[in-house]
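> what shape does this take:
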Amino acid sequence: MDTLFLMRAFVCVAQTGSFTAAAIRMDLTTSYVSRAISALEDHLRTRLLHRTTRRIALTEAGQRYLQRCEQILGYIEEAEVEASEAHALPNGNLKIHSMTGIGHRYLIRAAAEYSTQYPEVHFDLTLANRLVDILEEGYDVSVVAARELPDSGYISKHLGKVYSVLCAAPSYLQQQGAPQQPSDLLQHQCLRLVYSVMSLDKWTLEGPNGQEEITIDHTHFQVNTVEAMGEAVKAGMGIGALPIYSAVQGIQEGRLVRVLPEYTLYPLGVFALYPSRQYLDAKIRTWLEFLREYLPKHLAQDEQLLLEYSQSSAPNAAVKSD
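Down below sits the predicted model:
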């Protein structure tokens, strides 16, 4: 039995004062509406309407029940309108996960710019260098950098690509000199990133001679976040691999120098993951559309800056003080 339908039929009969009028409004037959009211009374074991051949009237129980039904149906209508507006109008809380470096470099500024267009959307941003279970942890969107995505059943949008570069502090290069070819790295202090998403104990360098692999057998320093690695490199502790988005500002400021600038490593795709594309909430839909415009543009800008500053600083990288 569809209790909501029976409640709607009862309210319609009570408001119109007629089974026939209620049937016309609901696009049903009069007999069908009459049977619905009888079924409701049987379910409640209470008479709701006094019936005569000329008119109907509410019983005392019917009057009380009518007030409750109108209240309940009003709540349902409000909920339906609110849900429909969520599909059409961006508002409410947007819970996002992002890998730390991408979040620091891009998503905070992206959220600020998005908020000027959609001020009714409130951000809840979590930064963590791992792949999250979106449904289990309650995220709307996850932005990750990965070689390939696991078969999770989530929808993914490709937003661009990134790679890492080798960097050192000017002070380190003044003391130790700059490697001129990948094999020279074996004579340097190479810092290792311990990363849950992938194994980084080998540097597979892509350059003019194709792929060249360097194994970091020993290191005097390892750390588990890109941000901490960046600080260690700036402090002159050795040579480290940093994603573009973590390296470019330090290179611009002169605190980092790109080492072996013709080589790159760790090419990764940047993806936005979300649970489903059907009936997508407006805040999720508009955020994804915004990221598809915003992120590729800023990734490309950082890559261009990296190339420009790497070329301008490369001649000084090999200098070693006497």
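> so which bits of the helix ranked longest in the chain are buried?
Longest helix in the chain by number of residues (criterion: DSSP state H): helix 282-317. Judged by neighbour count using 16 or more other Cβ atoms under 10 Å, the buried positions of helix 282-317 are 282-288, 290-291, 294-295, 298-299, 302-303, 305-306, 309-310, 313-314, 317. Glycine gets a C-beta too; all of them are placed from N, C-alpha and C.
> can you name every helix or strand that the lowest-mean-pLDDT helix or strand in the chain contacts?
One helix or strand of the chain scores below all others by mean pLDDT, DSSP states H and E: helix 60-88, with a mean of 80. Applying 3 or more Cβ pairs under 8 Å, 6 or more residues apart in numbering; DSSP states H and E, we find helix 60-88 packed against helix 3-16, helix 282-317.
> for the stretch 51-200 of the chain, what spans make up the strands?
Per DSSP state E, counting those that start in this stretch, the stretch 51-200 of the chain has strands spanning 56-58, 92-98, 121-127, 141-146, 155-168, 192-193. These are given in chain order.
> quick one: strands adjacent to the second one?
It stands for strand 92-98. strand 121-127 (parallel), strand 141-146 (parallel) (DSSP bridges).
> again, but for the first one
According to DSSP bridges, strand 56-58 has the following sheet partners: strand 49-51 (antiparallel).
> outside of the strand it pairs with itself, list whatever touches it.
Identification of contacts with strand 49-51 by Cβ atoms under 8 Å, 6 or more residues apart in numbering yields Val13, Ala14, Ile37, Glu41, Ile56, Ala57, Leu58, Thr59, Gly62.
> neighbour-wise, which one of these leads?
Val13 (28 neighbours; other Cβ atoms under 10 Å).
> quick one, phi psi at Gly138?
Dihedral angles phi and psi of Gly138 (degrees, to the nearest 10) take the values phi 80, psi 30.
> give the contact list for it.
Contacts of Gly138 (Cβ under 8 Å, 6+ apart): Lys95.
> mind checking pLDDT for it?
pLDDT, Gly138: 90.
> can I get the helices and strands packed on helix 60-88 in TSV including mean pLDDT and distance to Ser152?
Converted to TSV, the helices and strands packed on helix 60-88 look like this (pLDDT from 0 to 100; distance: least, Cβ to Cβ, whole Å):
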stretch	mean pLDDT	distance to Ser152
helix 3-16	91	36
helix 282-317	84	17
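> any chance of CSV for those helices, columns distance to Val223?
Listed next are the helices and strands packed on helix 60-88 as CSV, based on distance: least, Cβ to Cβ, whole Å:
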stretch, distance to Val223
helix 3-16, 58
helix 282-317, 22
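> out of the strands of the stretch 51-200 of the chain, nearest to Met229?
Among these, the nearest to Met229 by Cβ to Cβ is strand 192-193 (5.2 Å).
> which positions within the helix or strand just after the closest one qualify as buried?
Proceeding N to C from strand 192-193, the next assigned helix or strand is strand 202-207, under DSSP states H and E. Neighbour-count burial for strand 202-207, counted by 16+ other Cβ under 10 Å, picks out Trp203, Leu205.
> which residues touch strand 202-207?
Here strand 202-207 has contacts from 166, 182, 185, 190, 211-216, 241, 260, 262-267, using Cβ under 8 Å, 6+ apart.
> kindly recompute the last result at 6 Å.
For strand 202-207, contacts defined as Cβ atoms under 6 Å, 6 or more residues apart in numbering pick out Pro182, Gln211, Glu212, Glu213, Ile214, Thr215, Glu262, Tyr263, Thr264, Leu265.
> now it, how far from the centre of its chain.
Between the centre of strand 202-207 and the centre of its chain there are 30 Å (Cα atoms, centre = their mean, to the nearest Å).
> circling back: the contacts of strand 49-51: which two are farthest apart?
Glu41 and Ala57 (14.3 Å).
> pLDDT weak spots in this structure?
1, 53, 81-88, 196-200, 277-279, 311-322 (pLDDT under 70).
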